[in-house]
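Peer 1: sequence below, structure please.
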Amino acid sequence: MTQSIMKKKGILVLGICISMIFTILFVPNVSADSTATLTIKIHRIQKLDPIEENASDEADWYYYIGISEDGGKNYDWAAPNTIPLKENVDDWMVNTNHIFTGITSLSINFAIILCEADESPGSDDLADISNGGYVGTNFFWDDLDDPINPGSLPETIEKIIFSYNIYKGSYNLKTDELGGDLTKVEDGYYKTSGEFDGISIDQNDAALYFDIWDDYNTPIAAIGVSNNYVKAGQLVNFDGGLSGASTGFEIERFQWDLNGDGKWDAEGKTTNYTYNKADTYTVKLKITDSLGQTDTDTAFVFVYRDIGALFSYTPLNPAALDTITFTDTSKIVGGKIISWSWNFGDCTTSTLQNPTHKYTRGGLYPVKLKITADDWETTDFEIKYIYVIEYSKITGTVKDINGDPISDATIKLYDNGTVVKTVSTDSNGEYIIPDIEIGTYDVEGLKNNYDNYKKTDETLEVGENTVNFVLLLESQAPQAEFEFSPKKPTAGNVISFTDTSIYSYGTIESYSWDFGDGASSNEQNPKHKFSSAGKYSVNLTITDDRGNNKSYISVLNIAEPSPGFELIFVLLSIIIVSIILSKKKNKG
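Peer 2: Numbering: from 1, shown residues only. This is a model prediction of the structure:
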């Protein structure tokens, strides 16, 4: 019986070899690095219906296993040297693994054909190990020469055999799920049996126990993030290199959704992205292995607002009472600034974005700006120390008596008689003398062909002081003059001086007389005696209401006094006395 069986198996081996050569020639090549290995273990074969040609004999078993990656249309059968043969045993503990390499599909169809060998040529029987429900005699299962190639059988027999007798299953490498014909799990193995069809007539029923597994594991996506907590505008690097594929497979595609909008933004194992708006972003990585299977991983990037408080101010060297303009130059990425809080360091504050402020006294002031972003949580602040100079300044105008501005007039500032600052008026007759230390000064306005005007003892306060000038033409300035009487003064006589000065555009504030003999007077119309004859220069200096002095000098010729009535009276008295004395002497 063994020789007969081997002869018939040789014919089957030839068919299988041809089939394998066909597969090698016409199935596309797949890299060994991109294929899986499938293992089918036949554990046990058990006879249920009489199947031997001689009913008293025990069964002689052999089987074939076929793999299909095209949905069961075509099968690639196990190599001949892996096909076992067991004689004279109704219940065979096979425990043989059949390994199929080069699997490139996720879903596999496989078939198991169980045969019983007989000695007579063409008398091998096909065991029924399927739950197919064909009702009939065992005619179609007996005496089959080539059960692997049903194309050699009549069409009806081919359909019946491949529909109802052999076990046809499906297996998913991703889920490890078994499908296809009915199986039951017994003793840790899948059991397929002809008795599962519920037909009681003899159909060469047998039971076959098997297991199936693979070395393929679905890919696992893993995201590596350079920083999950970043400020807006900062570049974030992503790495999919931590992802893994099953042994023998590669990850062929990396797809990235970097901002959670459901669209793929980038491809490649690594990528990067800049988040310009504060928010929480969901990052998704989808990987695809060389078997076409995918997996995803999710990461989160928390983007906070990049905020920086900054401000500037002008003037850079302010003085007390100067108006200081503060300008917010703060920056923010990923949001907007909605609140400004200023503290000027002198117990005053502001909530304007660009405020102005005046300091009443000089000193060093800490100015703080605090800004708040639109989430009401993100804040920042900056502090600058501003030194405020306690200076004053003089502003004013120079005009003529008609109120018209005088341009290019010179303004001089005197400190104890020394000129310390000089400025000129502009086309509007205006001027500014800045950065003056607090104190008392004289200020003078000058212009060619005009009468100068000096204001004395101007006390300057902190901040702005106003000193205005009205300049007179020289012809409009006051003229100092005086008269005296008698016109021919003599020594010892009282002389009356009368002020006759002329000033039509203001008032004379003071008079100063110098009589030339060391005597003086501040009266407008004084009187004076010269004790001796001689020439005396009498000087009258007037000071007008603009502080200008004008002088007038007149030389007085003081004569000796001539004899007068008193001298004559004295002489007459002497003569009379002399006459009386002479008469008394003659009588005696």
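Peer 1: isn't Y536 right next to S554, touching?
Peer 2: No - Y536 lies out of contact with S554 (C-beta atoms under 8 Å); the separation is 9.4 Å. Every C-beta, even on glycine, is put in place using the N, C-alpha and C of the backbone.
Peer 1: need phi/psi at G194.
Peer 2: Phi and psi for G194, reported as degrees, to the nearest 10, are phi -70, psi -20.
Peer 1: wait, doesn't it sit right on I51?
Peer 2: No - taking contacts as C-beta under 8 Å, G194 lies outside contact range of I51: 10.3 Å.
Peer 1: so for those two, which residue has more residues nearby?
Peer 2: The residue with more neighbours, out of G194 and I51, is I51; 29 against 26, by other C-beta atoms under 10 Å.
Peer 1: wait, a strand at the more buried one?
Peer 2: No - assignment of I51 by DSSP: H, G, I helix; E, B strand; the rest coil gives coil, placing it outside any strand.
Peer 1: could you verify my assumption that it touches D125?
Peer 2: Yes - with contact defined as C-beta under 8 Å, I51 reaches D125; the gap is 5.3 Å.
Peer 1: where's the strand or helix carrying K585 relative to the chain centroid, distance-wise?
Peer 2: According to DSSP states H and E, K585 maps onto helix 565-587. Mean-position distance between helix 565-587 and its chain equals 129 Å (C-alpha atoms, centre = their mean, to the nearest Å).
Peer 1: next: stretch 205-214.
Peer 2: 65 Å.
Peer 1: output that stretch as CSV, nothing but the C-alphas.
Peer 2: Below are the C-alpha coordinates for stretch 205-214, written out as CSV (Å, rounded to 0.1, in the frame of the first residue of the first chain):
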residue,chain,number,x,y,z
ASP,A,205,-16.5,12.5,8.0
ALA,A,206,-13.3,13.2,9.9
ALA,A,207,-12.1,15.7,12.5
LEU,A,208,-9.0,17.8,12.2
TYR,A,209,-7.5,19.9,15.0
PHE,A,210,-5.2,22.8,14.1
ASP,A,211,-3.8,26.1,15.3
ILE,A,212,-2.7,29.1,13.3
TRP,A,213,-0.5,32.2,14.1
ASP,A,214,1.8,34.7,12.5
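Peer 1: and that stretch, which residues are buried?
Peer 2: Across stretch 205-214, burial judged by 16 or more other C-beta atoms under 10 Å covers D205, A206, A207, L208, Y209, F210, I212, D214.
Peer 1: pretty sure the last one is in contact with I67, am I right?
Peer 2: No - at 11.4 Å, D214 and I67 do not qualify as touching, with contact defined as C-beta under 8 Å.
Peer 1: need the residues touching each of the two.
Peer 2: Both D214 and I67 are contacted by L38, I103, under the criterion C-beta atoms under 8 Å, 6 or more residues apart in numbering.
Peer 1: could I get the contacting residues of V225?
Peer 2: Applying C-beta under 8 Å, 6+ apart to V225 gives the contacts V236, N237, F238, D239, V283, A299, V301.
Peer 1: tell me the buried residues in stretch 221-237?
Peer 2: By neighbour count on 16+ other C-beta under 10 Å, the buried set for stretch 221-237 is A221, A222, I223, V230, K231, A232, G233, Q234, V236.
Peer 1: quick one: which of those is nearest to G292?
Peer 2: Nearest to G292 among the buried residues of stretch 221-237 is A221, at 14.7 Å by C-beta to C-beta.
Peer 1: let's have the buried residues of stretch 205-214 in TSV, adding distance to T348 and secondary structure.
Peer 2: Formatted as TSV, these follow (distance: C-beta to C-beta, whole Å; DSSP: H, G, I helix; E, B strand; the rest coil):
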residue	distance to T348	secondary structure
D205	103	strand
A206	102	strand
A207	98	strand
L208	96	strand
Y209	94	strand
F210	91	strand
I212	85	strand
D214	79	strand
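Peer 1: which two of the contacts of V225 have the greatest separation?
Peer 2: Top of the distance list for those (C-beta to C-beta): D239 and V301, 13.6 Å.
Peer 1: mind listing the shared neighbours of I51 and D125?
Peer 2: Residues touching both I51 and D125 (C-beta under 8 Å, 6+ apart) are E116, N204.
Peer 1: residues in contact with L208?
Peer 2: L208 is in contact with I42, R44, I45, Q46, Y63, I112, L114, I129, Y167, K191, T192, S193, counting by C-beta under 8 Å, 6+ apart.
Peer 1: for the stretch 101-250 of the chain, give me the ranges with low pLDDT.
Peer 2: Applying pLDDT under 70 to the stretch 101-250 of the chain flags residues 121-122, 133-163.
Peer 1: what segments of it are helices?
Peer 2: 155-164 (DSSP state H, counting those that start in this stretch).
Peer 1: neighbour count for D239 and V301, which is higher?
Peer 2: Set D239 next to V301 and count neighbours by other C-beta under 10 Å: V301 wins out with 22 against 17.
Peer 1: could you tell me the phi and psi values at Y441?
Peer 2: Dihedral angles (degrees, to the nearest 10) for Y441: phi -140, psi 160.
Peer 1: re earlier: tell me which of Y536 and S554 has more neighbours.
Peer 2: Set Y536 next to S554 and count neighbours by other C-beta under 10 Å: Y536 wins out with 20 against 15.
Peer 1: so how far is E560 from that one?
Peer 2: 14 Å (C-beta to C-beta, to the nearest Å).
Peer 1: for T35, same thing?
Peer 2: Look at T35 and E560: by C-beta to C-beta, they are 154 Å apart.
Peer 1: compare the two (neighbour count), which wins?
Peer 2: Using other C-beta under 10 Å as the criterion, T35 and E560 rank with T35 on top: 19 against 10.
Peer 1: I'd say the more buried one and F100 touch.
Peer 2: No - the pair T35 / F100 is not scored as a contact, 10.0 Å apart, by C-beta under 8 Å.
Peer 1: residues near S424, how many?
Peer 2: With neighbours defined by other C-beta under 10 Å, the count for S424 comes to 12.
Peer 1: make sure it is actually in contact with I411.
Peer 2: Yes - counting by C-beta under 8 Å, S424 touches I411, with 7.1 Å between them.
Peer 1: so what sits against both of the two?
Peer 2: Common contacts of S424 and I411, defined by C-beta under 8 Å, 6+ apart, comprise Y431.
Peer 1: after the worst-scoring helix or strand of the chain on mean pLDDT, which helix or strand is next? Please name it.
Peer 2: Scoring the helices and strands of the chain by mean pLDDT, DSSP states H and E places helix 2-26 at the bottom, with a mean of 36. Going down the chain from helix 2-26, the next helix or strand is strand 36-47, by DSSP H and E.
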